[in-house]
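> Turn this into a structure:
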Amino acid sequence: MTFQTPRPGILPAQSIETLIATGAITSDTPFDADQVQPASLDLRLSDRAWRVRASFLPGQRKVEERIADVAMHAIDITGAGVVLEKGCVYIARLQERLSLPQGLIARANPKSSTGRVDVFVRLLTDRGASFDDVDEGYDGPLYLEIAPQTFSILVRPGTRLNQLRLKAGEPPKLETRSVGVELQGGEIVGFRGRRHAGVVDLDHIDGHDPRDFWEPLSLRRGELLLDPGEFYILASSDDVEIPVDQAAEMTPIDPSVGEFRVHYAGFFDPGFGTDEAHGAGSKGVLEVRTHDTPFLLEHGQIVARLVYEPLTERPSRLYGESGSHYQNQGLKLSKHFRAW
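Residues are numbered from 1 along each chain as shown. All right, here's what the predicted structure looks like:
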């Protein structure tokens, strides 16, 4: 079976729903009503997970065959859920399974809320040669590597940590925009994660006092010093707008520009920041972690790239039309925290 599309591009919501209806995407449990986003599909944890001693790629083996070599113990995350400890690595099976038609590939990224609490996640497939990418014709289960960095997290079956974007053919790169950092115009220019905070319940929206988890940051001499090993939430200096017939992905900075990683959550859906979706003036929130050396940031300094690609057709709904925590955002923590 070959999936037919009007043109090469990223699949919109209605095409994802067609793949679900025809069995190319299946799930252990019924799909949630809000699981299909304008140009992506949220993926959900199942009740099976393992604590592992090391990250890995499956190579020529199935994921669970490889897990047998590195598992420390199995984890049952049913009922009230389980705490995944920071500094540890876990593998969880996802509820969704793929049977991709010819002509389609897929790519995963963390959800915005996952990146904003410094949880590093990567998709795994049987016999996969790389993280997050799903090859054309893949038929099998999906797994997620989970590595909380700053906060321990509470998860349950159905918790959504990452999302899947499906792509037909080889769509052109329409534009690449540089993303600078906002370090002016407010008393608070960013937040730094507290090292010894409590557990973040990833299904408890507006349920945490941000002061227990975050330290607000202000400027000294117009600069912000990033300390090695710390995690920061900052905002883009310019507004971000994703046209209704396009989608975008934030890509990491070139190491030659700075020794830090920006933006765990890479996907921006059509309509983000647009007048049509009532989101004009939205900023991109940047999740920043330095590497081995301190680094000084200045206002407007380029820290990431935003790559735009076409959709195969206009999506049946736009980002934020049915409600969103991040449309119209400025400097904003994840949806798990109450307003500062």
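
> where does this protein dip in pLDDT?
By pLDDT under 70, the low-scoring segments of the chain are 1, 253-265, 323.

> Show me the longest strand that occurs in it.
strand 40-52 (DSSP state E).

> Could you spell out the sheet neighbours of it, each with its direction?
With DSSP bridges as the test, strand 40-52 is paired with strand 36-37 (antiparallel), strand 71-76 (antiparallel), strand 89-99 (antiparallel), strand 160-168 (antiparallel).

> how distant is the longest one from the center of its chain?
Using CA atoms, centre = their mean, to the nearest Å, we find the averaged C-alpha position of strand 89-99 to lie 15 Å away from the chain's own average C-alpha position.

> got it, and the first one?
From the chain centre to the centre of strand 36-37 is a distance of 14 Å (CA atoms, centre = their mean).

> So which other helices or strands are in contact with the following helix or strand past the longest strand of the chain?
Counting by DSSP states H and E, the next helix or strand C-terminal to strand 40-52 is helix 63-70. Where contact means 3 or more CB pairs under 8 Å, 6 or more residues apart in numbering; DSSP states H and E, helix 63-70 is packed against strand 40-52. Quick note: C-beta positions are derived from backbone N, CA and C, even for glycine.

> quick one, the strand it packs on and helix 63-70 angle?
30 degrees (axes from the mean of the first three to the mean of the last three CA atoms, to 10 degrees).

> what's the closest of the strands paired with strand 40-52 to residue 226?
Nearest to residue 226, of all the strands paired with strand 40-52, is strand 89-99, at 24.5 Å by CB to CB.

> Just the buried residues of that closest one, please?
89-98 (16 or more other CB atoms under 10 Å).

> related to what we said a few turns ago, switch the strands paired with strand 40-52 over to TSV; also include distance to residue 302.
Listed next are the strands paired with strand 40-52 as TSV, based on distance: least, CB to CB, whole Å:
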stretch	distance to residue 302
strand 36-37	28
strand 71-76	41
strand 89-99	32
strand 160-168	25
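
> Ok, which of the ones you listed comes nearest residue 326?
The nearest among these, by CB to CB, is strand 36-37 at 12.0 Å.

> What's opposite the spatially most central residue of the chain in the beta bridge?
For the chain, the residue sitting closest to the mean C-alpha position, by CA atoms, centre = their mean, is residue 110 at 2.0 Å. Beta-bridge pairing for residue 110 (DSSP bridges): residue 162.

> Of all the strands paired with strand 40-52, which one is nearest residue 277?
Set against residue 277 and scored by CB to CB, those come closest in strand 36-37, at 12.7 Å.

> Please, where are all the helices along the protein?
13-21, 63-70, 112-115 (DSSP state H).

> could you redo the ones you listed as a markdown table and give each row distance to residue 330 and mean neighbour count?
A markdown table is the format used below for the helices of the chain (distance: least, CB to CB, whole Å; neighbours: other CB atoms under 10 Å):
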| stretch | distance to residue 330 | mean neighbour count |
| --- | --- | --- |
| helix 13-21 | 27 | 18 |
| helix 63-70 | 40 | 16 |
| helix 112-115 | 14 | 23 |
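
> Reformat the ones you listed into CSV and put distance to residue 308 next to each item.
Converted to CSV, the helices of the chain look like this (distance: least, CB to CB, whole Å):
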stretch, distance to residue 308
helix 13-21, 18
helix 63-70, 32
helix 112-115, 18
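
> With just CA atoms, put stretch 236-250 into CSV.
Only the C-alpha atoms of stretch 236-250 are listed here, as CSV (Å, rounded to 0.1, in the frame of the first residue of the first chain):
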residue,chain,number,x,y,z
SER,A,236,13.1,34.1,21.9
SER,A,237,13.8,37.7,21.1
ASP,A,238,11.4,37.7,18.1
ASP,A,239,7.8,36.5,17.7
VAL,A,240,7.4,33.0,16.1
GLU,A,241,4.7,32.5,13.4
ILE,A,242,4.0,29.3,11.6
PRO,A,243,1.8,29.8,8.5
VAL,A,244,-1.4,27.6,8.4
ASP,A,245,-0.1,25.5,5.5
GLN,A,246,3.4,24.9,7.0
ALA,A,247,5.0,23.3,10.1
ALA,A,248,8.4,23.9,11.6
GLU,A,249,11.1,22.2,13.6
MET,A,250,13.6,23.9,16.0
